[in-house]
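# A predicted structure for the sequence below; I have some questions about it.
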Amino acid sequence: MYKKIFVVLVVAGLLLTACGGQGPSAPVEVQITLTEFGIEPSLTEFETGVPYHFVVTNAGTVEHEIMIMPPLTEDEMGMAMDMGELDEMALAMIEASELPAGATASFDYTFTEAAPAGTLEFACHTPGHYEAGMKLPIVVK
Ligand SMILES: [Cu+2]
């Protein structure tokens, strides 16, 4: 009886070691804090194929949102793209309606492609916020 339990524990221990703690069953948690007007994540460098669990807290006093998407060019910023177009560009996002002041929401995302510096960022596209500085470059290796 006891011997059997011991064997199970050893096998479980080996499995955990083999996965290195970052296997599909153990997403890497990333904390993101939103303020007026900034984005403060616990990580800005990510790896393809690693599942990330993003926990986003709105520490500000107005609604914010979070998107993972390519940076907008000056032209695109001037064009005042509508939210539908922006949503289509986003790899992942939490809408402003889910992130009122003080709220915390989460999403899971696994990057499938590498993103060199300057090609991807966290951004808040609530009107005016992006221009006010709510963007932060990230890198995916
Ligand atoms: Cu915002």
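Yes, it's here.
# Residue numbers of the chain in contact with the ion?
Applying C-beta under 5 Å from the ion, we find that the chain lies next to the ion at 64, 124, 126, 129, 134. Glycine gets a C-beta too; all of them are placed from N, C-alpha and C.
# Next, name the residue at the spatial heart of this protein.
Nearest residue to the geometric centre of the chain (C-alpha atoms, centre = their mean): F54, 4.7 Å.
# what are the ranges of the helices in this protein?
When secondary structure is read from DSSP state H, the chain shows helices at 2-19, 74-78, 83-89.
# among the ones you listed, where is the model least confident on average?
Per-stretch averages of pLDDT across these put helix 2-19 at the bottom, with a mean of 56.
# for the nearest residue to P137 once chain neighbours are set aside, what are its contacts?
Counting by C-beta to C-beta, 6 or more residues apart in numbering, the nearest residue to P137 once its immediate chain neighbours are dropped is E121, at 4.9 Å. Residues touching E121, when contacts are defined by C-beta atoms under 8 Å, 6 or more residues apart in numbering, comprise 68-71, 135-138.
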